[in-house]
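Q: sequence and predicted structure are below.
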Amino acid sequence: MDKIVIENLYKIYNEDKESEFTALKDINLKVASNELMILRGVSGSGKSTLLSLMAAFSKPSRGKILIDGENISKLPDFFASEFRNRDIGFIFQSFNLIEGLSLFENVKIPLVLHPYSTQEIEEKVHHALNLANIMHKAEQNVADLSGGEKQRCAIARALVNNPSIILADEPTANLDKANSLKFIEVLEKFKNMKKCVVVATHDTLFNDLSFVDNYVNISDGEILA
Amino acid sequence: MKNEDIGIKILTKMLMKLVYKIYFLLRKTLYASLKIANKQYKQLRSDLNKNFVDFSVRLLIKEKKDYIFSFFIFTFIVFIITSVLFVSNSVKRDLLLSVQNGGEVIVKNSKSGRYTSATDEEMDDILQINGVEDVIGMVDGYYNFTQDRRVFHIVADNDLNDTSMIISDDVARELKSFKYEKEFNFLVKDKAITLNIDKILESTILTNNTIFVNSDNAREILEMDEDEYSFLNVIVPNKDEIENIALKIARLYPNLIAIPDYELKSDYEHLYYYKGGIFMILYIVSLVSFFILLKNQISAIYGSRRKEIAILRSMGFSIRDIILVKFIQNSIVAFAAYFAAIFLSYLYVFVLDAPLLRNIFLGSGVEDIVFTPVVDIKMLFLVFVFTVVPYLAAILIPSWRLAIEDVSEAMK
């Protein structure tokens, strides 16, 4: 069954102005429920824009994004936020952790919107930290972590709400090769967890991975056949 | 361990307990009020819970440097404003009390534009006016204490016997410095009147610099005849007649000045000219501080917290959640600063007797005066409306503007 269906999607910045720029042109794409898709393309090809539209970070200029049959592209802010919190785990290139908070507190963020008990929160966070293999640093301030550790913290945060979709935008861009390979191992874990995963990357380490279901190439905002 | 150290430790422990109690009480109140206000919203998603409030507070603690600065500036502003209002309200209250205890019309005699004594004859004539229930002759005036070039206010009090007097605390100290500890000799023409100090009163606005003596003694000290009075208190039971009777008195004796009590009350109400002088400086200081405070908070929001807001948005925080986070954080700062400032200004005015500010209000000659504690809830509410509300509005608007930004753009 298709988890994500994208139909005739356009994203145009500064529409009807001199500086008009079309980031995505007529995108049509389907991602199955437990599919792992790698979205490949050079910088500026539109992969990040496509991912941000899938996560409802911004709205498309035209077209539809259906998640489980529901069009999320026109959702009002409240419902779009709820969708992000419930269904999306996003891993950013620059990790986007809140410095000054501990790793535990960063991972906890998506849960604070729910009336869970302290014990429930602890269980969920610990489970996510164990999955990301970073439990031993739980109480450390994220500012003091290495790049690889920050990445694992971002992974734990993406998993803590048990979302059905994991989106990763250039997840290895700020990592060394060893840590990049570790992330690829985590991707395999996601696959085994039956998650719908879309990774936008230009890293060649992701080429020819046996557990990847689909490679999609994108260039100048268009999906290449 | 020294006793002092133990004392400090206990005090710190008590203070910490109090702070925690206030925090939990605030949290409970906030949660309860949000729950009511967002009943509909709660049905959609239960995000207004203690986890949400605790997380907002955790972010506040993380950014404590910015908030501590805001807290101090906010406290300073409210402290200045409430101290000024506490002092002026206390002074006004005491003065108004003096009017309430007097007659409905106060009558003074004048000659060549200067006040002189009223007489029994004038008193009797006023008593004949329809609507006047009674006329009470009052004796008071000033005694020149030549040894220290100081003037004491002499007030007649018929409850005292002819050998004793009651003095205010500041007068007692002044007399003590000249070795008058049990009695004092008033020097009048050709003789001295010796009176025993019966009681010492706290120096308030009404009693400061005052000596209460028997009316016969007062007349002797002030060199007034038996049929003379400093002023007359005219008792008028019908409030609607007050103005009319004041006019009749003026017609009867054009040299008499009849002042209705409401005019005096009005004068006391407007005793301090709030639109000019030192008050204007205080307002400007408060206003400038307020803008510094807002600038600090707004630039913090537009600076480092911009990305933080975008991160929270990406985790599923709605625009409303972001505004709530900022509202909770800044409410805690504003409320804590507001109550701390009121507490400090209360201490400053009513325990320490407002050093420096006292001289602005009462002049430099008045020392060691005690202000009667007066807390005007309406006035405090007004200060709240003019400080906390604009502060919160000024913080929430930029937070909202950032929250509505495109998340992916704000992340860059």
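A: Received, thanks.
Q: going forward, measure contacts between C-alpha atoms and count neighbours the same way
A: Fine.
Q: determine the number of other residues adjacent to residue 134.
A: Looking at chain A here, since you left the chain open. By the criterion of other C-alpha atoms under 10 Å in any protein chain shown, A:Ile134 has 21 neighbours.
Q: other chain: chain B
A: 17.
Q: state the distance from B:Tyr338 to B:Leu344.
A: The gap separating B:Tyr338 from B:Leu344 is 10 Å, by C-alpha to C-alpha, to the nearest Å.
Q: is A:Leu9 in a helix, a strand, or coil?
A: Secondary structure assignment for A:Leu9 (DSSP: H, G, I helix; E, B strand; the rest coil): strand.
Q: and the pLDDT for residue 6?
A: Unless you meant another one, I'm taking chain A. On the pLDDT scale, A:Ile6 is placed at 95.
Q: nope, chain B please
A: 71.
Q: what's the helix or strand for it?
A: helix B:3-37 (DSSP states H and E).
Q: got it, and B:Leu160?
A: Secondary structure (DSSP H and E) places B:Leu160 outside all helices and strands.
Q: what's the closest non-adjacent residue to it?
A: B:Asn214 (5.1 Å; C-alpha to C-alpha, 6 or more residues apart in numbering or on different chains).
Q: you'd agree that neighbour is up against B:Ile154?
A: No. Taking contacts as C-alpha atoms under 8 Å, B:Asn214 lies outside contact range of B:Ile154: 9.9 Å.
Q: looking at those two, which is more packed in?
A: Taking other C-alpha under 10 Å, B:Asn214 and B:Ile154 do not tie; B:Ile154 has more neighbours (24 against 21).
Q: give the buried residues for the host helix or strand of the more buried one.
A: In the assignment (DSSP H and E), B:Ile154 maps to strand B:150-156. Neighbour counts over strand B:150-156 (16 or more other C-alpha atoms under 10 Å in any protein chain shown) mark B:152-156 as buried.
Q: export it to CSV, keeping only CA atoms.
A: Presented in CSV, the C-alpha positions along strand B:150-156 are these (Å, rounded to 0.1, in the frame of the first residue of the first chain):
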residue,chain,number,x,y,z
ARG,B,150,13.3,74.6,64.7
VAL,B,151,9.6,75.1,64.7
PHE,B,152,7.2,72.7,66.5
HIS,B,153,3.6,72.3,65.6
ILE,B,154,1.4,72.8,68.8
VAL,B,155,-2.0,71.1,68.7
ALA,B,156,-4.5,71.5,71.5
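Q: can you list the strands that it pairs with?
A: strand B:140-145 (antiparallel), strand B:210-213 (parallel) (DSSP bridges).
Q: who wins for proximity to A:Glu170 among those?
A: strand B:210-213 (84.1 Å; C-alpha to C-alpha).
Q: ok, residues contacting the closest one?
A: B:152-158, B:160-162, B:164-168, B:171 (C-alpha atoms under 8 Å, 6 or more residues apart in numbering or on different chains).
Q: what's the lowest-pLDDT member of those residues?
A: Among the contacts of strand B:210-213, pLDDT bottoms out at B:Asn158, giving 81.
Q: look at it and give its secondary structure.
A: Under three-state DSSP, B:Asn158 comes out as coil.
Q: with adjacent residues omitted, what lies nearest to whichever residue of the stretch 101-250 of chain B sits closest to chain A?
A: Chain A sits closest to B:Thr204 of the stretch 101-250 of chain B, with a gap of 53.0 Å, by C-alpha to the nearest C-alpha. Excluding the flanking residues, the one nearest B:Thr204 by C-alpha to C-alpha, 6+ apart is B:Val370, at 4.8 Å.
Q: picking up where we left off before, what about B:Tyr338 and B:Leu344, which has more around it?
A: Shown here are B:Tyr338 and B:Leu344; by other C-alpha under 10 Å, B:Tyr338 has more neighbours (25 against 19).
Q: ok, now which ones touch that one?
A: Contacts of B:Tyr338 (C-alpha under 8 Å, 6+ apart): B:74-75, B:78, B:384, B:388.
Q: do the same with A:Ser146
A: For A:Ser146, no contacting residues are found, by C-alpha under 8 Å, 6+ apart.
Q: for the nearest residue to B:Val155 once chain neighbours are set aside, the count of nearby residues, please.
A: Spatial nearest neighbour of B:Val155, chain neighbours left out: B:Asp140 (4.5 Å); criterion: C-alpha to C-alpha, 6+ apart. By other C-alpha under 10 Å, the residues close to B:Asp140 number 22.
Q: would you confirm that B:Asp140 contacts B:Glu220?
A: No. The pair B:Asp140 / B:Glu220 is not scored as a contact, 11.3 Å apart, by C-alpha under 8 Å.
Q: which parts of chain B sit against chain A?
A: Chain B comes close to chain A at residues B:45-52, B:55, B:62, B:308, B:311-320, B:406-408, B:411, as judged by C-alpha under 8 Å from any C-alpha of the partner chain.
Q: count the neighbours of the residue in the stretch 251-400 of chain B that chain A sits nearest to for me.
A: When distances are taken as C-alpha to the nearest C-alpha, the stretch 251-400 of chain B reaches nearest to chain A at B:Gly316, 4.1 Å away. When neighbours are counted by other C-alpha under 10 Å, B:Gly316 registers 28.
Q: swap in B:Tyr348?
A: When neighbours are counted by other C-alpha under 10 Å, B:Tyr348 registers 18.
Q: kindly report the same for A:Asn133.
A: With other C-alpha under 10 Å as criterion, A:Asn133 counts 16.
Q: show me what contacts it?
A: A:Arg152.
Q: Three-state assignment for it, please.
A: coil.
Q: which helix or strand contains B:Lys265?
A: helix B:261-269.
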